[in-house]
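1. let's see this in three dimensions:
(one chain, ligands or ions: 1)
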Amino acid sequence: MDATVITQQEDLANLRNVPKSPRCSTSENLLNLNIKEHYEIIKELGRGTYGKVVLGRCKETGTQVALKVLPKTNVKLREFQREFDLSYFLSPHSNIVDTYNVAFETKSSFVFAQEFAPVGDLFDKITPQQGMSEKDAKCVIRQIASALDFMHSKKLVHRDIKPENVLIFDHEFSKVKLMDFGMTRKDGTVIRKVNGSIPYTPPEICEAVRNESITVSTSCDIWAFGVLLFCMLTGNFPWENADISDVYYNEFTLWQRRKSTKLPSQWKKFTPRLMRLFRKILDPKGERRCEIKEICKYLNDSWIQPCKNSDNEEEDMASGSDHMDELSNILQNHGIETHMDKACARTQNIGMVTVIIAYIIILHYSLFPFHLINSHKLYTNRKMLT
Ligand SMILES: Nc1ncnc2c1ncn2[C@@H]1O[C@H](COP(=O)(O)OP(=O)(O)OP(=O)(O)O)[C@@H](O)[C@H]1O
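-> Sure, this is the predicted structure:
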């Protein structure tokens, strides 16, 4: 690495077992550098809320690195230091992006270096409205679950699980790593809600108002992980916000809490086994959500239905008979009997058939737009997610 950058004394082996990085404060050691004197900037790799990441080649060693550049106008030294320290501390895990022992400041920004992921991030690998293959999704899920399990074992909560924060190193997804520890906090830390909600935000945070105190919990990552899994397998978000005003969220929670046997249409492609897992991951009550290890128990099961299976047929039949009950109630309660008194048997039948057809048409049109709206809820672009 560049000889002018800071060098820390502790090796990675020391860091593995230490819950809090013992490395001396980067603020005491940060060198003031001109980035272009030391790195040839090849291209921009991406942008986030707080800064950008560029691909640079170290002029001294020829090594290619991803430089995370955080403008001082967006990020305080303390925040930069925390992100760098956490990234470095978590680096030894094979599914967490490697952060090098390289951090410095320029006139306008704080900078640190990480390994470069040549295939980019997971967002671009999810085809809108289609998602990824079950096999590829499982490869990714297995590795990110391992990274999260490691973080949770250190009592750290990532707090920003989403496809843009998963880096891909090969097209077979055999090497996938979690990154971006800018929002990571210790489990149990009390913070104030500052940002709005995105589709990955758990309900307990969605419902908090701005500036309200919230307690950081590993269960927040579990929720976001569940939403990520849905996105990977469908190319859609399950909802825009995990909030009671969101019709898709409401439908899911009715099913999740067993208040309805009707599985919302966008979940019907999944096997009962995967739905059992979703029920445990996406529990509206954070304290009831499963732990990340639970997810690994489901990795050898089938997740996507080849065709409708019996469990869902049962649910469909149940919901079908609900509609028939409703229909006969309507027929009984709204005039059919009086009509019957006056008309002949033939007219009765025609009237009955007409009402049934009308009811089916109404039912069809009340369900059909749902699919249309749902298919429009596509995984449009990154901006929607930040
Ligand atoms: N090591 C890397 N190799 C390749 N691409 C990367 C690397 N690090 C980041 N990127 C790209 O840059 C994008 C932004 O990076 P990052 O998430 O670290 O920025 P951020 O400002 O923290 O974003 P956020 O809005 O999530 O807080 C990523 O989504 C990814 O596409």
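
2. every contact and neighbour count from this point should use C-alpha atoms.
-> Noted.

3. the ligand contacts on the stretch 51-200 of the chain?
-> Within the stretch 51-200 of the chain, the positions near the ligand by CA under 6 Å from any ligand atom are 51-53, 66, 114-117, 120-121, 164-165, 180, 182.

4. Trp223 and the ligand: what is the separation?
-> Distance, Trp223 to the ligand, using CA to the nearest ligand atom, to the nearest Å: 17 Å.

5. how about Tyr100?
-> Tyr100 sits 11 Å away from the ligand, going by CA to the nearest ligand atom.

6. that residue contacts Tyr88, correct?
-> Yes: counting by CA atoms under 8 Å, Tyr88 is a contact partner of Tyr100 at 6.9 Å.

7. who has more neighbours, those two?
-> Ranked by neighbour count (other CA atoms under 10 Å), Tyr100 and Tyr88 place Tyr88 first, with 24 against 18.

8. could you pull out the helices for this protein?
-> 12-16, 26-29, 35-38, 77-90, 134-153, 203-206, 218-234, 247-256, 272-281, 292-296, 310-333, 336-342, 345-376 (DSSP state H).

9. kindly export the fourth one (C-alpha atoms) in PDB.
-> The reference is to helix 77-90. The C-alpha coordinates for helix 77-90 follow below in PDB (Å, rounded to 0.1, in the frame of the first residue of the first chain):
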ATOM      1  CA  LEU A  77     -14.600  13.400  11.200                       C
ATOM      2  CA  ARG A  78     -16.100  11.300  14.100                       C
ATOM      3  CA  GLU A  79     -18.600   9.700  11.700                       C
ATOM      4  CA  PHE A  80     -15.900   9.000   9.100                       C
ATOM      5  CA  GLN A  81     -13.700   7.500  11.800                       C
ATOM      6  CA  ARG A  82     -16.500   5.200  13.100                       C
ATOM      7  CA  GLU A  83     -17.300   3.900   9.600                       C
ATOM      8  CA  PHE A  84     -13.600   3.300   8.800                       C
ATOM      9  CA  ASP A  85     -13.000   1.600  12.100                       C
ATOM     10  CA  LEU A  86     -16.100  -0.600  11.900                       C
ATOM     11  CA  SER A  87     -15.300  -1.500   8.200                       C
ATOM     12  CA  TYR A  88     -11.700  -2.400   9.200                       C
ATOM     13  CA  PHE A  89     -12.800  -4.400  12.300                       C
ATOM     14  CA  LEU A  90     -15.300  -6.500  10.300                       C
END
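
10. what residues sit buried inside that helix?
-> Of all the residues in helix 77-90, those buried under the rule 16 or more other CA atoms under 10 Å are 80-90.

11. ditto for the third one
-> Judged by neighbour count using 16+ other CA under 10 Å, the buried positions of helix 35-38 are 35, 38.

12. same thing with stretch 92-112?
-> For stretch 92-112, burial by neighbour count (16+ other CA under 10 Å) applies to 92-93, 95-106, 109-112.

13. cool, stretch 167-177 as well?
-> Applying 16+ other CA under 10 Å to stretch 167-177 flags 167-169, 173, 175-177 as buried.

14. strands of the stretch 51-200 of the chain, start to end?
-> For the stretch 51-200 of the chain, the strands defined by DSSP state E, counting those that start in this stretch cover 52-58, 64-71, 99-105, 109-114, 120-121, 156-157, 166-168, 176-178, 185-186, 190-192.

15. what lies in contact with the fifth one?
-> Taking CA atoms under 8 Å, 6 or more residues apart in numbering as the criterion, the residues outside strand 120-121 that touch it are 45, 163-169.

16. now with 7 Å?
-> For strand 120-121, contacts defined as CA atoms under 7 Å, 6 or more residues apart in numbering pick out 163-168.

17. in a markdown table: the residues you listed, plus pLDDT and distance to Val247.
-> Output for those, formatted as a markdown table (pLDDT from 0 to 100; distance: CA to CA, whole Å):
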| residue | pLDDT | distance to Val247 |
| --- | --- | --- |
| Pro163 | 97 | 24 |
| Glu164 | 96 | 26 |
| Asn165 | 97 | 28 |
| Val166 | 98 | 29 |
| Leu167 | 98 | 32 |
| Ile168 | 98 | 34 |
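
18. how's the protein carved up into domains?
-> The chain breaks down by automatic domain parsing into domains covering 18-114, 120-306, 313-376.

19. and those, which one is worst for confidence?
-> Of all the domains of the chain, mean pLDDT reaches its minimum on domain 313-376 (a mean of 46).

20. contact partners for the residue lying closest to Ala147 once chain neighbours are set aside?
-> Once flanking residues are discounted, Ala147 sits nearest to Asn95: 5.4 Å by CA to CA, 6 or more residues apart in numbering. Residues in contact with Asn95 (CA under 7 Å, 6+ apart) are 143-144, 147, 176-178.

21. need the contact list for the residue positioned nearest the centre of the chain.
-> Nearest to the mean C-alpha position of the chain, by CA atoms, centre = their mean, lies Leu228 at 3.2 Å. For Leu228, the contact set (CA under 7 Å, 6+ apart) comprises 162-163.

22. cutoff 8 Å now
-> Going by CA under 8 Å, 6+ apart, Leu228 touches 161-163, 200.

23. these: which two are farthest apart?
-> Pro163 and Tyr200 (10.3 Å; CA to CA).

24. more neighbours, the two?
-> Tyr200 (28 against 21).

25. nearest spatial neighbour of that one, chain-adjacent residues omitted?
-> Among residues not flanking Tyr200 along the chain, Ala224 sits closest, at 4.7 Å (CA to CA, 6+ apart).

26. turn the buried residues of helix 77-90 into JSON lines, including distance to Glu251.
-> Formatted as JSON lines, the buried residues of helix 77-90 follow (distance: CA to CA, whole Å):
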{"residue": "Phe80", "distance to Glu251": "41"}
{"residue": "Gln81", "distance to Glu251": "43"}
{"residue": "Arg82", "distance to Glu251": "40"}
{"residue": "Glu83", "distance to Glu251": "38"}
{"residue": "Phe84", "distance to Glu251": "41"}
{"residue": "Asp85", "distance to Glu251": "42"}
{"residue": "Leu86", "distance to Glu251": "38"}
{"residue": "Ser87", "distance to Glu251": "38"}
{"residue": "Tyr88", "distance to Glu251": "42"}
{"residue": "Phe89", "distance to Glu251": "41"}
{"residue": "Leu90", "distance to Glu251": "38"}
